[in-house]
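> pasting the sequence and the predicted model now:
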Amino acid sequence: MRVTFTVNGAPQEADDVWEGESLLYVLRERMGLPGSKNACEQGECGSCTVRLDGVPVCSCLVAAGQVQGREVVTVEGLAGEGGELSTVQQAFVDAGAVQCGFCTPGLLVAADELLERNPEPSDGDIREALSGNLCRCTGYEKILDAVRLAAARTEEAV
Amino acid sequence: MEFLRPASWEEALAAKAEHPSAVPIAGGTDVMVEINFDHRRPEHLLDLNRIAELQEWEVAGDTVRLGASVPYTKIMEHLRAELPGLALASHTVASPQIRNRGGVGGNLGTASPAGDAHPALLAGGGEVEAVSVRGTRLIPIDDFYKGVKRNALEPDELIRAVHLKKATGPQQFSKVGTRNAMVIAVCAFGLALHPDARTVRTGIGSAAPTPIRATTAEEFLAAALDEAGLWESRGVLPPAVARQFADLVSGAANPIDDVRGTASYRRHALGVMARRTLGWTWEQYRGTEQDELDDRSKPCA
């Protein structure tokens, strides 16, 4: 089947999509967007997190046909057009929140949405917002530092 | 495989009538796992995402009609006053990403004994609105669960909504797992006081082939509260009553040993959860320790 939807602001089309295929597979294998990672394929790890009509979801659990006509934002959509990093991305770099990097895209999408929704999150808010994203390097402390840093910088910029 | 994308509820019912083996997919949080792991290859997937009314809820009189696909996140955000037990249970579902997609209709369709919504639905009381091209029927929640991952739906039926009684008293939910997020229940317990009817209802999850009520425990507690005039006096709950209630809840379960826990642990944990949730709800009913109760309903961190 053919699936047409918006990815990071641009219309995209995929042909010969298998009916049981996930959004994650379409993004990675058909649209050349490997930022969203494929790890557990059962919604446990959050490394495939994208935004579907603004809402963070596990793209491995969205059937490709379900996104017809809808809007998807992936980690590739966070940076500016010139490639300048977003506030959350820069904070992850500066705080040393990236180790092996595999969980990073999912965490960036989740953290970016948190700060959009709640610019001054408490530590509890941050932990809850990121509770669906596993980091097997267990670098959580630096990740929390990064989100706090991004929140502080967002506040300064306002 | 064929991917059916009905644009309206009528189209969805017609598609389900034409293809009774079609697997409905809404949040996808159960169905896609089975497909990703090659555990299931349905001939037809029936996408329900385009049907807007499934994502809506209505509060009318003493009832909430909760659309089958209203995501758990919305239940937590918008229905905490009307459906406190379900809102608490919703908050324990997996992670934000899953709560943004999954809803009660999927929990009912899958009918896993471990589904987080079930204990709250059983305790709160309600009916499942099952619809086909033949018509609509309301299935009492007590009659809905038929076996491990089996429910009372006919092959041509879809779940349109659940009709839930608005809370008339305190409700609580408790779940045992190895961490706060991303946990399938080792066992779970829901409790609702219904002061208007002078009754108590319960729900047990993950400790029997289906979600069940602990009816003997409910009857014991309601009688004990009645006899001591506690519904009116809002007096202190005698510890012996709480203990007996806990023992009866524990005894109502019919758990197995599995990778998540042993049968004896589940029985023990259910007794503990029954005693604690009774303590929380009763103190809330008495109108004391409100601050502590508020703290308890905050997000786990």
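Everything's here; your move. Numbering: from 1, shown residues only, chains lettered A, B, ... in the order given.
> for A:Leu85, give its distance to A:Leu78.
Distance from A:Leu85 to A:Leu78, counting by CB to CB, to the nearest Å: 8 Å. To be clear about C-beta, it is placed using only N, CA and C from the backbone, and glycine gets the same treatment.
> in the stretch 151-300 of chain B, which residue sits closest to chain A?
Residue nearest to chain A within the stretch 151-300 of chain B: B:Ala181 (3.5 Å; CB to the nearest CB).
> now do the same contact list for the spatially closest residue to that residue that is not a sequence neighbour.
Of all residues not flanking B:Ala181 in the chain, A:Ser131 sits nearest, at 3.5 Å (CB to CB, 6 or more residues apart in numbering or on different chains). By CB atoms under 8 Å, 6 or more residues apart in numbering or on different chains, the residues touching A:Ser131 are B:95-96, B:180-182.
> quick one: secondary structure of A:Ser131?
Classification of A:Ser131 using DSSP: H, G, I helix; E, B strand; the rest coil returns coil.
> likewise A:Gln12?
Three-state assignment for A:Gln12 (three-state DSSP): strand.
> go ahead and confirm it touches A:Leu23.
No: contact criterion CB atoms under 8 Å: A:Gln12 and A:Leu23 do not qualify, at 11.5 Å.
> tell me which of those two has more neighbours.
Neighbours per residue (other CB atoms under 10 Å in any protein chain shown) separate A:Gln12 from A:Leu23, with A:Leu23 holding more: 31 against 18.
> quick one: pLDDT of the more buried one?
We have a pLDDT of 98 for A:Leu23.
> residues contacting it?
By CB under 8 Å, 6+ apart, the contact set of A:Leu23 is A:50, A:52, A:59-60, A:62-64, A:66-67, A:72.
> at 7 Å instead, please
By CB atoms under 7 Å, 6 or more residues apart in numbering or on different chains, A:Leu23 lies in contact with A:59, A:62, A:64, A:67, A:72.
> what's the answer for B:Lys166, then?
B:Lys166 is in contact with B:62-64, B:82, counting by CB under 7 Å, 6+ apart.
> quick one: which of the residues you listed is most hemmed in?
Going by other CB under 10 Å, B:Val64 tops these with 24 neighbours.
> in its sheet, what does the helix or strand harbouring that one sit against?
Per DSSP states H and E, B:Val64 falls inside strand B:63-67. Strand pairing for strand B:63-67, determined by DSSP bridges: strand B:57-60 (antiparallel), strand B:158-165 (antiparallel).
> list the buried residues for the shortest one?
Translated: strand B:57-60. Of all the residues in strand B:57-60, those buried under the rule 16 or more other CB atoms under 10 Å in any protein chain shown are B:57, B:59.
> now stretch B:153-169
Of the residues in stretch B:153-169, B:153, B:156-167, B:169 count as buried by neighbour count, 16+ other CB under 10 Å.
> ends of it, how far apart?
Separation of the first and last residues of stretch B:153-169 by CA to CA, to the nearest Å is 30 Å.
> pLDDT on it, on average?
The average pLDDT within stretch B:153-169 is 98.
> doesn't B:Gly271 make contact with B:Ser250?
Yes: using CB atoms under 7 Å, B:Ser250 is in contact with B:Gly271, at 3.8 Å.
> the more surrounded of these two?
Taking other CB under 10 Å, B:Ser250 and B:Gly271 do not tie; B:Ser250 has more neighbours (23 against 20).
> which residues sit against the helix or strand where that one lies?
Element membership of B:Ser250, judged by DSSP H and E, is helix B:239-252. For helix B:239-252, contacts defined as CB under 7 Å, 6+ apart pick out B:189, B:202, B:204, B:212, B:214, B:216-217, B:220-221, B:224, B:267, B:270-271, B:274-275, B:278-279.
> let me see the contact set for B:His163.
If a contact means CB under 7 Å, 6+ apart, then B:His163 has B:63, B:65, B:126-127, B:129, B:138 as its contacts.
> most neighbours out of those, which is it?
Sorting those by how many neighbours each has (other CB under 10 Å) puts B:Gly126 first, at 26 neighbours.
> can I assume that residue is in contact with B:Lys165?
Yes: contact criterion CB under 7 Å: B:Gly126 and B:Lys165 qualify, at 5.9 Å.
> now for the closest residue to A:Ser22 other than its chain neighbours, how many residues are close by?
In space, A:Ser22 comes closest to A:Cys60 once its chain neighbours are excluded; the distance is 5.0 Å by CB to CB, 6+ apart. The number of residues packed near A:Cys60 is 29, by other CB under 10 Å.
> of all the contacts of B:Lys166, which comes closest to B:Leu46?
Taking CB to CB as the measure, B:Leu46 lies nearest B:Val64 of the contacts of B:Lys166, at 25.5 Å.
> how far away is the closest one from A:Arg148?
The spacing between B:Val64 and A:Arg148, counted by CB to CB, is 38 Å.
> about what we covered before: the contacts of helix B:239-252 in strands, which ones?
Under the assignment DSSP state E, the contacts of helix B:239-252 contribute B:189, B:202, B:204 to strands.
> tell me the pLDDT of the residue nearest to the last one when sequence neighbours are not counted.
The reference is to B:Ile204. Nearest residue to B:Ile204 in three dimensions, chain neighbours excluded: B:Ile212, at 5.2 Å (CB to CB, 6+ apart). For B:Ile212, the model assigns a pLDDT of 98.
> tell me how far B:Ile212 lies from B:Ala123.
11 Å.
> let me know how buried residue 61 is, in neighbour terms.
I'll assume chain A. Neighbour number of A:Leu61 under other CB under 10 Å is 28.
> was after chain B, sorry
Applying other CB under 10 Å, we find 6 residues neighbouring B:Gly61.
> grab the nearest non-local neighbour of B:Pro6.
What sits nearest to B:Pro6 in space, not counting adjacent residues and going by CB to CB, 6+ apart, is B:Ala12, at 4.0 Å.
> pLDDT weak spots in chain A?
Within chain A, not a single segment meets pLDDT under 70.
> and the residue of it closest to chain B?
A:Gly132 (2.4 Å).
> stretch B:27-41 and chain A in contact?
Yes: on the criterion CB under 7 Å from any CB of the partner chain, stretch B:27-41 is in touch with chain A at B:28-29, B:32-33, B:35-36.
> circling back to that earlier point, hmm, the residue of the stretch 151-300 of chain B closest to chain A is touching B:Ser95, no?
Yes: B:Ala181 is in contact with B:Ser95 according to CB under 7 Å; the separation is 5.3 Å.
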